[in-house]
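Enquirer: give me a model of this one.
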Amino acid sequence: MHIDAHVHVYPPEIEKNWKKIAETEPHFGTLCAGKAHKWGTVEAVVAQMEIDGLDQAWVMGVAFRDPGLCRLCNDYVMEALKKYPGKIRGLAVVNPLTRDFEKEIVRCREAGFIGVGELLPYGQVFDISDSRETWRLAAACQENGLFLLLHVAEPVGRDYPGKGGMGPREAAAFCENHPEVQVLFAHMGGGLWAYETMRCMKLVLENAWYDTAAAPFLFGPEVFRAAVAAGAGGKIIYGSDFPLLCADRYEKMFLASGLDEEALSRIRGGNALALLEKARSFSGLG
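Expert: Numbers count the residues shown, from 1 in each chain. Down below sits the predicted model:
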C-alpha cells in the first residue's frame, strides 16, 4: 500500500479569511505569507492521489491556537472521511494548552481519525520538552489509540517561515517523558534519527518515527540511506507535505538514495501501517 502520511487541507473559510485570522494567529500569517505557501482542498488531494498512484492520504488541517479554528479544520476533515472512506484518513488538530481539548480528540477519534497533528509547538506556543505542558496531550493520544504528529526542525542551517525552535533535543525529551505515545516527528525529526546510533538513546527513541515532509527542500537523497544505516529504516514514513510538494520530488530522491525496493516499500507505506498498529496496541482499545 502506498500512503502519504502528511497532507494539509484548508477549509474554504480559512483560505478566504486568512488575513483576518492572521491578526490573532501570527504564526499562521507567517506561513501564509511565505513564498512557498500553497492552499489545498480535499478535492485537490484526491486528484493528486490519482496522479501519484496513492492508495491512502492522511489528511490534517492547521494547528491554531484558537480551538474554534482547530474544530473548523477537523470538521472539514471529517466530511472528507465520509466522502472518501478508506482513501482519506484523518488527523485532529488541537491546542494542547486549552481547556477540554481532550473532548475534541475523543470526538475526532469517534469519527474515525487515526492521529493527532501536525501540532506546531512554536506557533501554538508550547514546549514539547516540558511534561507539565504535554502530559494531558500524551494521555489523550494513548487512551484513544492515536499517534501524535509533531513539527520539529533541524537546529542548524538557514531559517525559513515556520521553522520554529523545537529540534532533536526537545523531541528526544518528549519521547523520554512519554514512552507510551507513538510520536511521528515531521521533517525527518530535524535529524533526531541520527541519535538512534547512540546506545543510551536507542531505548529512549523506541517510540519515535520520522516523516519525510519537505525533505527535498532540506536534505540530499543520501539522508535516507544514512537513516537506514543508523537503524531507523523501519521508522521512516513517506509524507509529502502537500500542497507544498507532491510525490514526484520524493520519488527522485528515493531512486537516488540507493536503497533497495524492500526498504523503499516500507517507507512508502509499510512503516505507516506499522505505526498505526503500534499506536493502537499501546491503548486500551485493543
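
Enquirer: list the contacts of D75.
Expert: By C-beta atoms under 8 Å, 6 or more residues apart in numbering, the contact set of D75 is P11. No exception for glycine: its C-beta is placed from N, CA and C like everyone else's.

Enquirer: immediately after the stretch of helix or strand it belongs to, which helix or strand?
Expert: Using DSSP states H and E, D75 maps to helix 67-83. Scanning forward in sequence from helix 67-83 by DSSP H and E, the next helix or strand is strand 88-92.

Enquirer: wait, is G40 part of a strand?
Expert: No - going by DSSP: H, G, I helix; E, B strand; the rest coil, the assignment for G40 is coil, not a strand.

Enquirer: please report how far it lies from A226.
Expert: To A226, G40 is 30 Å away according to C-beta to C-beta, to the nearest Å.

Enquirer: ok, now how distant is the residue of the chain positioned farthest from its centre from P12?
Expert: Computed with C-alpha atoms, centre = their mean, the residue of the chain farthest from its C-alpha average is R199, at 26.5 Å. Note on R199: its distance to P12, by C-beta to C-beta, is 51 Å.

Enquirer: and for A138?
Expert: Distance, A138 to P12, by C-beta to C-beta: 33 Å.

Enquirer: and if you look at M166?
Expert: According to C-beta to C-beta, M166 and P12 sit 30 Å apart.

Enquirer: of the two, who's got more company?
Expert: M166 (24 against 10; other C-beta atoms under 10 Å).

Enquirer: and that one, what helix or strand is that in?
Expert: Under DSSP H and E, no helix or strand contains M166.

Enquirer: what pLDDT does it get?
Expert: pLDDT, M166: 86.

Enquirer: quick check, it in contact with P121.
Expert: Yes - using C-beta atoms under 8 Å, M166 makes contact with P121 at a distance of 4.7 Å.

Enquirer: quick check: neighbours shared by these two?
Expert: Shared contacts of M166 and P121, defined by C-beta under 8 Å, 6+ apart, comprise D127, I128, L150, H151, V152.

Enquirer: residues near the first one, how many?
Expert: Counted with other C-beta under 10 Å, the burial measure for D127 works out to 16 neighbours.

Enquirer: which residue sits closest to it, ignoring its sequence neighbours?
Expert: Nearest residue to D127, sequence neighbours excluded (C-beta to C-beta, 6 or more residues apart in numbering): E133, at 5.5 Å.

Enquirer: so which elements touch the host helix or strand of the one you found?
Expert: According to DSSP H and E, E133 maps onto helix 131-143. Counting contacts by 3 or more C-beta pairs under 8 Å, 6 or more residues apart in numbering; DSSP states H and E, helix 131-143 is packed against helix 101-110, strand 115-119, strand 147-150, helix 168-177.

Enquirer: show me what whichever helix or strand comes after the second one is packed against.
Expert: Read it as strand 115-119. Toward the C-terminal end, the helix or strand that comes next after strand 115-119 (DSSP H and E) is helix 121-124. Of the remaining helices and strands, those touching helix 121-124 by 3+ C-beta pairs under 8 Å, 6+ apart are helix 26-33.

Enquirer: flag every buried residue along the helix it packs on.
Expert: Neighbour counts over helix 26-33 (16 or more other C-beta atoms under 10 Å) mark H27, F28, G29, T30, L31, C32 as buried.

Enquirer: and which of those residues is nearest N207?
Expert: H27 (26.6 Å; C-beta to C-beta).
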